[in-house]
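A.B. asks: Sequence below, structure please.
(one chain, ligands or ions: 2)
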Amino acid sequence: MAQYARGSAVAVIRLRNPPVNALSRAVLQALEDGLKKADADPSVKAVMICGENGKFSAGADIRGFSAPKRLGGALGPIVSLIESSEKPVVAAIEGVALGGGLEVALGCHYRVAHVKARMGLPEVTLGLLPGAEGTQRLPRLIGVPAALDMITTGKHIPATEALKLGLVDEIVEENTIEAAIRLANKVIGQPLGPRRLSLKPVPKVPNMEAFLDEALAKVKRQARGCLAPELCFQAVRAATRSPFAEGVRRERELFQVLLSSGQAQALQYAFFAERAVRRWATPGGASWSSAAPQPVRRAAVIGLGTMGRGIVTSLVKANIPLVALEQDLENLNKGRKAVMLLLEREAMKMEGGAQVLDFHNPARLQFTVDFDLLRDVDLVIEAVFENMALKKEIFHKLSKICKPGALLCTNTSALNIDEIASATNRPQQVIGTHFFSPAHVMRLLEIIYGRHTSPTAIATAMQLATALKKVGVVVGNCFGFVGNRMMFPYVQQAVFLLEEGSRPDAVDQVLEDFGFKIGPFRMSDLAGLDVGWRSRKDQGLTGPSLPAGTPARQRHGQRYSPLPDLLCERGRFGQKTGKGWYLYEKAGGRTATPDPWLLNFLSQYRDTHGIRTRFIDQEEILERCLFSLINEGFAILAEGIASGPEHLDVIYINGYGWPKHRGGPMFYASTVGLPRVLAKLQKYSEAHPDVPGLQPSAFLKKLAAVGNPPLKEWMSYLSQQSSKL
Ligand SMILES: CC(C)(COP(=O)(O)OP(=O)(O)OC[C@H]1O[C@@H](n2cnc3c(N)ncnc32)[C@H](O)[C@@H]1OP(=O)(O)O)[C@@H](O)C(=O)NCCC(=O)NCCSC(=O)CC(=O)CCCCCCCCCCCCC(=O)O
Ligand SMILES: NC(=O)C1=CN([C@@H]2O[C@H](COP(=O)(O)OP(=O)(O)OC[C@H]3O[C@@H](n4cnc5c(N)ncnc54)[C@H](O)[C@@H]3O)[C@@H](O)[C@H]2O)C=CC1
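C.D. replies: Ligands and ions are numbered 1, 2, ... in the order given. Now for the predicted structure:
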């Protein structure tokens, strides 16, 4: 709703729809009614629009986009109605003015913002464009380059920047409403023509067409298959070429294309999925309502290798004082240097820089090899080598040294949390906090509870995720948890495809064209092939503990490819050694080129094992890789390892470079249709009966059999008894 009130000469219209004053049909109707009332009342000389509870508006109600009667069309005419008012209208922007909210403010003749307010047109992140004339008004107000930047990236800008750009007329530190009313009183009677953005020309840029060509190339490069950025660009370009009314018509056409594209639905699903996973729950009934987080005043990180360095950086950025520990002075010095470099780079990106991060202050960041310094920390994150014996040794030590309430977290990427916890005297305080590399950049934090992990420990880890500005997703304990467990069959299929006749660059290309940031072979080279090799040796799948006489391409009666092991035996660990699935310019190089040696090696390998090379088309590459990953997802859901498909999708979008405009693997499966996913898996499984990853999961079969229900109903088809937890 919007509340109308008249005080002296200025009428106040207050947008009201908690928690963020989203513009629902009811709000828009009330806004329109308020404007008409103010217009009709001769004692009203000006209007001020603000939002309830210190927030202007977060824009159109996103849930409304999928409603049968969409609210979209209603907003543009209301923005026009505001602008055409004969009485000055002032927007008082507090909190956020986003999307349709900012478009309402652009319709106003004046804008006053609180210094802490943020503004933006984030529709592009929802697969849309600012469809209430925002693509036509913003360039007229702040110029084409700045408007293009805001509209094609969706970034939120602070009020101080908005003032510099001319997006707002004034910023205030105190009462925004009073300042806006003051301004409204001041401008009564002044001509409104120059304040109506639709009447202004778009400011000229020297050589506009060349500028636009360059901007388009940049947008395309960054969009990677996502439609909205390019259509946002086209709408802004229309503003540079056509009069306002024609630009608005073009904006509407483009908006309709996006609305019906499928990508908008995927991106909006992802928006709500990310919020849904914050409301964690375990099969045992623990949730926010039963658990309060413990404060983390001081933390520790053990192991300053690839992961530990990023984790330390994240903690420092979150302003959490910490101790960083290594096994010896040599590794400590190496780790310290690397951490300092990362922190210096991060500080350069921040306003206030090193002073804000304060990482040279030993009270905030202390480096040591002495476990005794961990006595009084509230939380420890272990990030040493992926080795169970070592992890147990460390956790045993920690449970003796750390104070009783301290939470003990492991960054293991696959190992059993319960076994690690068994080495301690406090298994209820042991939890997996699985960061992704680079840990100070990647948004995902997979939070794994074991059999004994307490609800308080889960709540504390979730709160830590928020403090680190990460997306925490709570999942159960199994080998590889959710993300890596789904990744194993995907990578396995990619390698099998090589055995059968494909090439690393062909497989990567198909998956990168699908939208993955990087294909499975480039990803393995980046992460280091030795990581998986070590784990396979520990599992007895390769190396000295492999029983003599084990067939080269079979383990436990199932198909196995020794190709990655053979590469590692030849010192090909990926980027770090300058060669892996690809060739690099040098050790540590980043430019991957197909390696003739590898192609020759593959061909000899096929000859040795009597494999007939065949042509494998793009469809088969895509389906075998993706459907085996999705199939594992269904098994995970059936086992109760994750509470719903949204969890899997949020993990894949934020941790594994899954293209967000495809909504995550489970959402993607729902758009392909479960009967089709099932039929394809059945086909591939018949062709490869010794590959369990291709055998359709019982849960997928069930969902297909009950008629392919919508994703939000999937979990209701799982009986309680089928959960293993
Ligand atoms: C606002 C935030 C920055 C707040 O963040 P935070 O404090 O972290 O809280 P959250 O947990 O994120 O949010 C709290 C709660 O609010 C829910 N929520 C947030 N924003 C919205 C929203 N816009 N709509 C609905 N609900 C919202 C959120 O889900 C949480 O609830 P929970 O899920 O229950 O936990 C942050 O929330 C944020 O960034 N929000 C999104 C801001 C955004 O993206 N805004 C843009 C919205 S789209 C928009 O405005 C589109 C437009 O430009 C208008 C379109 C006009 C169309 C014109 C079309 C013309 C031609 C076509 C004719 C078609 C015919 C017809 O259809 O009629
Ligand atoms: N590398 C990656 O991409 C990811 C790794 N992980 C997991 O994170 C953990 C660490 O992995 P990386 O950082 O890649 O390993 P790494 O090999 O780069 O670093 C491990 C560090 O631990 C130190 N260390 C070993 N024993 C120690 C001890 N007793 N006390 C203190 N420090 C000790 C080593 O000196 C080394 O610096 C592993 O469990 C791994 O599975 C999780 C996610 C991603």
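
A.B. asks: For G127, grab the count of nearby residues.
C.D. replies: Counted with other CB atoms under 10 Å, residues neighbouring G127 total 28. Placement of C-beta: from N, CA and C, glycine included.

A.B. asks: wait, I meant E393
C.D. replies: E393 - counted by other CB under 10 Å - has 13 other residues nearby.

A.B. asks: With the one 5 residues further on instead?
C.D. replies: Applying other CB under 10 Å, we find 23 other residues in the vicinity of L398.

A.B. asks: Can you give me the domain assignment for this protein?
C.D. replies: 2-122+132-202, 299-475, 502-608, 618-722 (automatic domain parsing).

A.B. asks: Please name whichever of those domains is nearest to G225.
C.D. replies: In this view, these are compared for proximity to G225 by CB to CB, and domain 502-608 is the closest at 4.5 Å.

A.B. asks: Would you mind identifying the next helix or strand past the helix or strand bottoming out on mean pLDDT in the chain?
C.D. replies: Least confident helix or strand, the chain: helix 353-357 with a mean of 69, by mean pLDDT, DSSP states H and E. Downstream of helix 353-357, the first helix or strand assigned by DSSP states H and E is strand 365-368.

A.B. asks: Give the buried residues for that following strand.
C.D. replies: The neighbour-count check on strand 365-368 (16 or more other CB atoms under 10 Å) flags 365-367 as buried.

A.B. asks: So which of those residues is the closest to R250?
C.D. replies: Checking these one by one against R250 (CB to CB), the nearest turns out to be L365, at 53.0 Å.

A.B. asks: got the contact list for that closest one?
C.D. replies: Going by CB atoms under 8 Å, 6 or more residues apart in numbering, L365 touches 312, 316, 321-322, 324, 339, 359.

A.B. asks: next one: A299
C.D. replies: A299 makes contacts with 315, 320-323, 377-381, as judged by CB under 8 Å, 6+ apart.

A.B. asks: Now the residue in the stretch 551-700 of the chain that ligand 1 sits nearest to: which helix or strand?
C.D. replies: Sorted by distance to ligand 1 under CB to the nearest ligand atom, the residues of the stretch 551-700 of the chain start with E646, at 11.1 Å. Per DSSP H and E, E646 falls inside helix 645-655.

A.B. asks: Mind listing residues that contact that helix?
C.D. replies: 269-270, 272-274, 276-277, 436, 442-444, 446, 471, 473-475, 482-483, 486, 633, 636-637, 642, 658, 660, 663-667, 670, 711, 714-715.

A.B. asks: Name the next helix or strand downstream of it, please.
C.D. replies: With DSSP H and E, the next secondary element past helix 645-655 is helix 665-672.

A.B. asks: same for that next one, what does it pack against?
C.D. replies: helix 263-276, helix 618-638, helix 645-655 (3 or more CB pairs under 8 Å, 6 or more residues apart in numbering; DSSP states H and E).

A.B. asks: Highest mean neighbour count out of those helices?
C.D. replies: Stretch with highest mean neighbour count among the helices and strands packed on helix 665-672: helix 645-655 (a mean of 27; mean count of other CB atoms under 10 Å).

A.B. asks: Now do that helix, average pLDDT.
C.D. replies: Across helix 645-655, pLDDT averages out at 98.

A.B. asks: any idea of the angle it forms with helix 665-672?
C.D. replies: 110 degrees (axes from the mean of the first three to the mean of the last three CA atoms, to 10 degrees).

A.B. asks: Is helix 645-655 in proximity to ligand 2?
C.D. replies: No - Helix 645-655 lies apart from ligand 2 when judged by CB under 6 Å from any ligand atom; the minimum separation is 9.2 Å.

A.B. asks: For that helix, what is the distance to the chain centroid?
C.D. replies: Relative to its chain's centre, helix 645-655 lies at 8 Å (CA atoms, centre = their mean, to the nearest Å).

A.B. asks: again, but for stretch 614-623
C.D. replies: 29 Å.

A.B. asks: Also stretch 693-713?
C.D. replies: The answer for stretch 693-713 is 26 Å, by CA atoms, centre = their mean.

A.B. asks: before we move on, back to that, tell me the one among the buried residues of strand 365-368 nearest to W533.
C.D. replies: F367 (30.6 Å).

A.B. asks: my guess is the closest one meets L322, correct?
C.D. replies: No - judged on CB atoms under 8 Å, F367 makes no contact with L322 at a distance of 10.0 Å.

A.B. asks: so what sits against both of those two?
C.D. replies: Counting by CB under 8 Å, 6+ apart, F367 and L322 have no contacts in common.

A.B. asks: For M150, see how far away G51 is.
C.D. replies: G51 sits 20 Å away from M150, going by CB to CB, to the nearest Å.

A.B. asks: returning to what we had before: let me have the contacts of A299 in JSON lines, adding secondary structure, distance to ligand 2 and pLDDT as columns.
C.D. replies: Output for the contacts of A299, formatted as JSON lines (DSSP: H, G, I helix; E, B strand; the rest coil; distance: CB to the nearest ligand atom, whole Å; pLDDT from 0 to 100):
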{"residue": "L315", "secondary structure": "helix", "distance to ligand 2": "15", "pLDDT": "98"}
{"residue": "I320", "secondary structure": "coil", "distance to ligand 2": "19", "pLDDT": "97"}
{"residue": "P321", "secondary structure": "coil", "distance to ligand 2": "19", "pLDDT": "97"}
{"residue": "L322", "secondary structure": "strand", "distance to ligand 2": "15", "pLDDT": "98"}
{"residue": "V323", "secondary structure": "strand", "distance to ligand 2": "12", "pLDDT": "98"}
{"residue": "V377", "secondary structure": "coil", "distance to ligand 2": "15", "pLDDT": "98"}
{"residue": "D378", "secondary structure": "coil", "distance to ligand 2": "19", "pLDDT": "98"}
{"residue": "L379", "secondary structure": "strand", "distance to ligand 2": "16", "pLDDT": "98"}
{"residue": "V380", "secondary structure": "strand", "distance to ligand 2": "11", "pLDDT": "98"}
{"residue": "I381", "secondary structure": "strand", "distance to ligand 2": "10", "pLDDT": "98"}
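
A.B. asks: List only buried entries from those residues.
C.D. replies: 315, 320-323, 377-381.

A.B. asks: For the closest residue to S261 other than its chain neighbours, the count of nearby residues, please.
C.D. replies: Counting by CB to CB, 6 or more residues apart in numbering, S261 lies nearest to L227, which is 5.5 Å off, once chain neighbours are set aside. L227 sits with 20 neighbouring residues when counted by other CB under 10 Å.

A.B. asks: same check, this time on the one 10 residues further on
C.D. replies: Burial of R237 is recorded as 21 neighbouring residues (other CB under 10 Å).

A.B. asks: Likewise for T608?
C.D. replies: T608, neighbours per other CB under 10 Å, totals 9.

A.B. asks: Check A292 too.
C.D. replies: Using other CB under 10 Å: A292 sits among 11 other residues.

A.B. asks: What of the one 10 residues further on?
C.D. replies: When counting by other CB under 10 Å, one arrives at 26 neighbours for I302.

A.B. asks: Over to the one 5 residues further on?
C.D. replies: M307 is flanked by 22 other residues according to other CB under 10 Å.

A.B. asks: what sits against it?
C.D. replies: Counted by CB under 8 Å, 6+ apart, M307 has contacts 383, 411, 435, 437, 439.
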